[in-house]
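K.L.:
can you look at this prediction? I've put the sequence above it.
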Amino acid sequence: MSIKTSQRRFVNVAVLTISDTRSFETDTSGSWLQQAIEADGHHLLDRKIVIDDVYQMRAIVSNWIADSEVEVVITTGGTGFTGRDSTPEALAPIFDKHIEGFGQLFRQLSYDEIGTSTIQSRCLAGLANNTAIFCLPGSTGACKTGWNGILRQQLNSTFEPCNFVQHVGKQSK
């Protein structure tokens, strides 16, 4: 019986907070994600804050997916139902493939925390140019749910039977 040993590979991540009101001093969600990413051994390549504007969001994320060093993009904010929430409209069109199960699983996990209010989350994920893009709601609690419940395992190259690390970066091209 052979034992499979796999060297863990850490990924390069960029974080984008989408908010009309947050600054780096008040961005608890982006700060929490940065700490979680780094605590798990991944590399934070960039972190930005942008207003909830379709074209500004799309420009930042498009630049990151064109950068061969960025393997994963995590956004926080803009996934709700208010008039300004437009993350799905901004980013879904640039996906090469949609990760349908991400939003479904997030809402399933979130139901235990916030009940039926989770139905208002329009979080989503996809792949574009061998870059995984995960769009989380803006609350710190939602970022914890998304990271601890999904992303921590899916960004761990040794997690089996499958994970997203095998689909991102130069080695997957």
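P.N.:
It's in.
K.L.:
where does pLDDT dip in this protein?
P.N.:
Within the chain, the ranges that satisfy pLDDT under 70 run 1-6, 170-173.
K.L.:
ranges for the helices of it?
P.N.:
In the chain, the helices defined using DSSP state H lie at 28-39, 54-66, 87-91, 100-114, 140-146, 152-154.
K.L.:
other SSEs contacting the fourth one?
P.N.:
So the one you mean is helix 100-114. strand 124-128, helix 140-146 (3 or more Cβ pairs under 8 Å, 6 or more residues apart in numbering; DSSP states H and E). Where you see a C-beta, it was placed from the backbone N, CA and C, and this is true even at glycine.
K.L.:
adding mean neighbour count and distance to S19, write the helices of the chain out as TSV.
P.N.:
Output for the helices of the chain, formatted as TSV (neighbours: other Cβ atoms under 10 Å; distance: least, Cβ to Cβ, whole Å):
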stretch	mean neighbour count	distance to S19
helix 28-39	18	9
helix 54-66	17	11
helix 87-91	21	11
helix 100-114	16	19
helix 140-146	21	12
helix 152-154	16	24
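K.L.:
TSV for those helices, including distance to I18?
P.N.:
TSV is the format used below for the helices of the chain (distance: least, Cβ to Cβ, whole Å):
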stretch	distance to I18
helix 28-39	10
helix 54-66	6
helix 87-91	6
helix 100-114	16
helix 140-146	12
helix 152-154	21
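K.L.:
and those helices: which comes nearest V165?
P.N.:
With Cβ to Cβ as the measure, helix 152-154 is the member of these nearest V165 (8.0 Å).
K.L.:
list the contacts of the closest one.
P.N.:
Defining contact as Cβ atoms under 8 Å, 6 or more residues apart in numbering, one finds that helix 152-154 is touched by A36, D40, F159, N163, F164.
K.L.:
closest to S29 among the residues you listed?
P.N.:
Proximity of those to S29 (Cβ to Cβ) peaks at A36, which lies at 10.7 Å.
K.L.:
now that closest one. Nearest residue, chain neighbours left out?
P.N.:
Of all residues not flanking A36 in the chain, W147 sits nearest, at 4.9 Å (Cβ to Cβ, 6 or more residues apart in numbering).
K.L.:
can you check A66 too?
P.N.:
Nearest residue to A66 in three dimensions, chain neighbours excluded: N129, at 6.8 Å (Cβ to Cβ, 6+ apart).
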